[in-house]
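>>> next comes the sequence, and after it the predicted model I'd like to discuss.
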Amino acid sequence: MTGTSAETGAARAPHRSLPGRSRGRFADPLFKAAVTTSGVFVLALLAFMIIRTTADAWPIFAKEGLGFFTGTEWTAGQTRDLPNIHGTYGALPFMYGTLVTSAIALVIALPVSIAVALYITQLAPRRLRNPLSYGVETLAAVPSIVYGLWGLLFFLPVVLRPVMDWLHRWFGGVFLFEGPVFGLSYFSAGVVLALMVLPIMTAIIREVFAAAPTAELQAAYGLGATEWEVIRRVLVPRSMSGIVGGAMLGLGRAVGETVAVAMLVGGSQAMGYSLFFAGDTMAAHIFNTFQDALPETVLGLMAIGVALFVFTFLINVLARVLVWRASRFGGDAAV
Amino acid sequence: MTTTLTPPRAAQRRSLRQVDRRTRWRKLTSLVMRMVLTVTMALACLPLVLILYVVAERGWSVVDLHFFTQDTLPFRLEGGGFRQGFVGSFLIMALAIPMAVVPGIATAVYLVEYGRGRKLAALVRFVTDVMTGVPSIFVGLFVYAVLVIGTVKLGFGTLAAAVAIAIVMLPIVVRSSEEMLKLVPDSLRSASLGMGARRWQTTTKVVLPAAAPGLATGAMLAIARGAGETAPLILTGLGSFTMTLYLVGERQASLPQLIHQNAVQPFEPGIARAWGGALCLVAITVLFTIVARVIAARFARTREGM
Amino acid sequence: MNRSVRQRRWFAAVAATALAWAVAGCAPGTNRIEGAGATFPTPLYQDWIHSYAISVDPDLTVDYQSIGSGGGITQFLEQTVDWGTSERYLRDSDLADAERARGCPAIQVPIAFGAVVIAFGDPALDGLVLDAEVISAIFRREITNFQDPRIAALNPDRNLPDREIIPVHRADGSGTTSVFTTWLADEDETWASTLGAGTEVAWPAGTVGGPGNEGVAANITQNPGGIGYVNQSYAMVLELPQATVVNADGNPVYPTPEATTAALSELMIPDDFQFDILGVGGEGYPIAGTVWNFYWECGYAPQTAAQLRDFWSWAVREGDEAALALGYIPLDAALKQRVLAAINRIGSGDPARTGGSGDGHER
C-alpha cells in the first residue's frame, strides 16, 4: 500500500497549489481558515465546558476544600440562598463506589479480554478471526440503558442473585462477601460494567497482539516452544504496555459509565467493604439526583462532574501514553 | 528414541509418549491452556447472545404497529406505544447529526490536510482524544447550565437535547474521520494538484469523495452511540408523554429516556413497554454498527487495491 | 452533469425543510401545558390527564414529568414549566423569590393528600405493628432483624421471621422522604438529632436506594426483608403488604383511605396553604402528606392560563373518584372552594384574559 505521510513521518504532504489562475485565489486561504476554525472550535468547546462547570461549581469547592474528596457526608442544603452554601458536600462515598465497581469490572473483564484476544489472534482459524472479533465487539453497540434494563430485570434476579447467594453462603466469612446481600450492589453494577468494557479492551489488546512481529513468534516456535510458552514468554511480555493501556481505557469507560450503573448500584450514600453492599458512584449519583436537585445541590453535582471528568481525563491520558508506547514497537496498535 | 538416521518427517510423527517427561508436561500445559482459552472465548460470546435473546423475547410481544403510532399511556394501563420517543429521538438526531458531522469532518480535514506536524493540530487531536472519554452526564450538566436555564434560556426541548448529543458525538466523528482521511494515499493528492486543482478543490473533490465510505462509517458509529444516550437528555429534553415536533418551547421525549422511565417504575404494563422499546433501540444501534462495519470492510478492501 | 444537478436539488430540498422547521419549530405549541415535580402523585395525574383527554378536551395536551419535589420547585422558580408540583410547600422566602423573578405572585394550592406507608416485600408481614421509635431504629440500622425484641414487643401474637431487614429509601431527593423524615423527626428525638428532616438525608450503610416512589416500590419487592416508605397509591396498586403504625395517641392504625381521611379531619389549613400534617391522633393514620401545585398569576400565553384553569378546576371538581380509586384522599368540600378560587387567579395578572370566570386580583 502506498505509504501515507503519517507513517513516513518526515515526508511532507503536498501542500501548495500550482501558481497562476487569478480566479479562485482566495478560496484556498478561506477554506483553510474555515477548517482551522473548526479545529479551534473543538478546542474552545472543551475548554469552555471545563471552565464553565468548574466556575459554576467553585463555591462548593471553596466551601469544602479537600473535604470534598475526603468527606463522607452529603446533605443537600434546603434553602435557596446562593451563593452561600448551606449543605455538606463530601463526595468520598461516590468516589469509593466508582473505584469499587470499576475494580470489579476490571478484575473480571481484563483476564477475559486477554484470553479472547489471545484466542482470536493465536488460536482461531484465520477465517473465524473477523467474525469472532465482531461478535465480541458488538457488545459495545448495545446502549447503556439496555444493559441497565436487562441487568435490572433479568440478569440480576436470574443469574447474579444466585451467584451472590452462593458466594455469600460459602465465603461469607471473608469481608468481601459479607451480608446482607442486596440485589442492587457494587457487585451487580461491577459485573454488568465488566460486560460493557469487555469489547473495548478486547479490541485494543487484540490489535496489540496482532501487531507483534511474527518473526519473533516464529523464532520462538523454531526454538521448540509450545504455543502456550510462546504466548506466555514472548507475546504477552512484549505487549505489556499495550495491555495495560487497553486496561486503562476500559477503566476510563467504566468510571464514566452512568445509566446502567445507576440502575444497578443501589443508590445508598454509605460506604461498605462488602461487595454486596448497596452504594453509589459519581456518575450514577449525578444521574439519579440531577432532575430533583435544588440549585445549590446542582452545583454540588457539577462539582462531582468536574471531579469525574478529571479522573477520566487522567486515566485516558495515561492509557494513550501506554498504548502509544506499545505501537512504537511496530504496527498500528492505536485505536 | 530415534537414531540420527531417521528422516525429520518421521520424527514429527512420533507420539507424545516418546518424548521426555519435561516436554510431555510442557505440551500438556499448552494443551490445557489452549482449552482454557477456547472455553473462555465461548463464554465471552454468551453475554451478547443472552442480551439479544432476552430483549427480543420480552420485547417482541409488545412491539406491534401501534407501538410506533401511539403515544405513551399511564404506566399502569396496557396498550399505547412509544411514538413520541421514536419521533423525539429522530428529531434530536436529525438536528444533532449535522451539528456533529460537519464540524467533525471539517476538524478532521484540518488535522490531516493542513495540520500535519503543527502544534495546534497536535493540541486539537489531544483534546479530541480527551473528549471521547468525557462522561456524557457531564455534557448534560454543561448544556443544562448554559442552554436550558443559563445564558441562553432555551428551556427544555429538542434543540438543547440535540446540542448535548452533538457534543457527545463530535469527538467520535473527528477521530474516526481523521483515521479515514489518513488512509487516502498522498499519490491521489499529488495527482490532483499536478493537474492544476487548487488545494481546497483537491480536498473537497478528490480526497473527501475517496474517503466517503470511511467517513460514513465513522458517522454511523457516532450515530449509533448518540441514539443510545440517555444521561445527557434528562435535563435537556426532560421527556414527554406526547409527541412534539417543536425545536424549542416544548420538552422532547427520546427513546432511551422513555425506556428508563418505564423501567424504574413498578407497574407491569410499563415494564413490558420498556422491553419493547429496548428491543427497538438495540435493533437500531446494532444495525447501524453492522452496516458501518460492512462499509468499512469494503472501503479497506478498495484501499488495498491502490 | 446530471449527478451534480440532482445532488444540488436534493440538498436544496433538505435545506428548505430544515429552514422551515427552524422557523415553525420555534413557536411553542399553543395546545399544550407542561408541568413537572413530585413522583408522589404520578399515577393520579397520569390518570386525570388521560381522562381529560378522552372525555373533556382531546385537543389539549397535558404533560407531567415526575422529576421529584425539589425539581418541581426548582423548575417552577426557573420558569421552565407551566406549573410545578411538590410534596413540600413554598416557604415565604421562596414565594418572595418567585414574585421577584416573574413580576407577580405565585399561587400554591393543595391538590390531594396521600399517606406515606411502610411497605414490606414479604406478604406474611402485612399489618406488622411498628411505632415511630422502632421505625427510626430500623432506618438507622439500629434494629437489623425482624426478630428484634422491640418489634416483638409490639407484635406479641405474631411469628416473626429470622431475617435481615433491608431498609429501602429514596435514592433521589424527594418530597416523600421529606414527609417521612419530618414525621420521624417530630416523633423521635434520636432521629431529629441525627438524620433530621429533609428531602435528602444521610442514610446509613446497609440501606438501599431506589429512584422515585417507583424505584423504592420495585426495590422493596425485589429484596426479601425489604422495608421502605412509599406513597399509599403505589402500595395499593401493587398490593404491597403494609405496616400498622402507632399514631400520636398510641393507637395502631392500618393505612386505609378512611384512616387517612380521619387524619385530615382535625387539620387547620391556613389561608396561605402552608401546613404540615403532624401529631395525628384518634383514628387517624399518622404519616400523611400533601401534594401542592404551584402556578403564576401572570406571564402565561393567553391560552395557556385558560387551559391551566380549565384542567385543574376540572381535576379538583371531578377527580375525586379517580383519586380514591388510586389510594389518594381528595380535598373536602370546603377546601375545594378555597382551592378553586385560588386556581381562578391563574393568569389574572395578565392584561387580556380569554374566557374563564372570576375577576382580577382577589387578594
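Perfect, thanks for sending it. Numbering: from 1, shown residues only, chains lettered A, B, ... in the order given.

>>> contacting residues for residue B:270?
For residue B:270, the contacting residues are B:75-76, B:262, by Cβ atoms under 8 Å, 6 or more residues apart in numbering or on different chains. In this view, the C-beta of every residue, glycine as well, is placed from N, C-alpha and C.

>>> kindly apply the preceding question to residue A:68 instead.
With contact set as Cβ under 8 Å, 6+ apart, residue A:68 has these partners: A:60-61, A:89-91, A:303, A:307.

>>> and of the contacts of residue B:270, the nearest to residue B:53?
The shortest approach to residue B:53 among the contacts of residue B:270 belongs to residue B:262, at 20.6 Å (Cβ to Cβ).

>>> how about the one helix or strand that closest one maps to: buried residues?
According to DSSP states H and E, residue B:262 maps onto helix B:255-263. Residues of helix B:255-263 classed as buried by neighbour count (16 or more other Cβ atoms under 10 Å in any protein chain shown): B:255-263.

>>> over to stretch B:74-93?
Under the neighbour-count rule (16+ other Cβ under 10 Å), stretch B:74-93 has B:74-76, B:80-89, B:91-93 buried.

>>> separation between residue C:50 and residue A:129?
Between residue C:50 and residue A:129 the distance, using Cβ to Cβ, to the nearest Å, works out to 54 Å.

>>> hmm, I typed the wrong one, I wanted residue B:137.
Between residue B:137 and residue A:129 the distance is 36 Å, computed by Cβ to Cβ.

>>> which one's more surrounded, those two?
Legend: neighbour count by other Cβ atoms under 10 Å in any protein chain shown for residue B:137 and residue A:129, higher for residue B:137 (31 against 15).

>>> is any residue of stretch B:116-134 near chain A?
Yes. Contact of stretch B:116-134 with chain A is found when judged by Cβ under 8 Å from any Cβ of the partner chain, involving B:116-117, B:120-121, B:123-124, B:127-134.

>>> would you list the phi and psi of residue B:61?
Per-residue torsions, residue B:61: phi -70, psi -20 (degrees, to the nearest 10).

>>> ok so, going back, can you put the buried residues of helix B:255-263 in CSV and add pLDDT and distance to chain A?
As requested, these are arranged in CSV below (pLDDT from 0 to 100; distance: Cβ to the nearest Cβ, whole Å):
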residue, pLDDT, distance to chain A
B:255, 94, 9
B:256, 94, 5
B:257, 93, 8
B:258, 92, 10
B:259, 93, 5
B:260, 91, 6
B:261, 89, 10
B:262, 89, 9
B:263, 87, 5
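
>>> can you name the two of the residues you listed that sit furthest apart?
Greatest spatial distance in those: B:255 and B:263, 12.4 Å, computed using Cβ to Cβ.

>>> what's the spacing between the closest residue to chain C within the stretch 51-200 of chain B and residue C:315?
When you check the stretch 51-200 of chain B against chain C by Cβ to the nearest Cβ, the closest residue turns out to be residue B:74, at 3.6 Å. Look at residue B:74 and residue C:315: by Cβ to Cβ, they are 14 Å apart.

>>> show me the shaky parts of chain B.
Across chain B, the ranges flagged by pLDDT under 70 are B:1-19, B:302-306.

>>> so what's the residue count around residue C:156?
Around residue C:156 there are 7 residues (other Cβ under 10 Å).

>>> check which helix or strand covers it.
Residue C:156 belongs to no helix or strand when elements are defined using DSSP H and E.

>>> contact partners of stretch A:115-135?
When contacts are taken as Cβ under 8 Å, 6+ apart, the neighbours of stretch A:115-135 outside the stretch itself are A:136, A:198, A:202-203, A:205-206, A:208-210, A:227, A:230-231, A:235, B:34, B:36-38, B:40-41, B:44-45, B:48, B:293.
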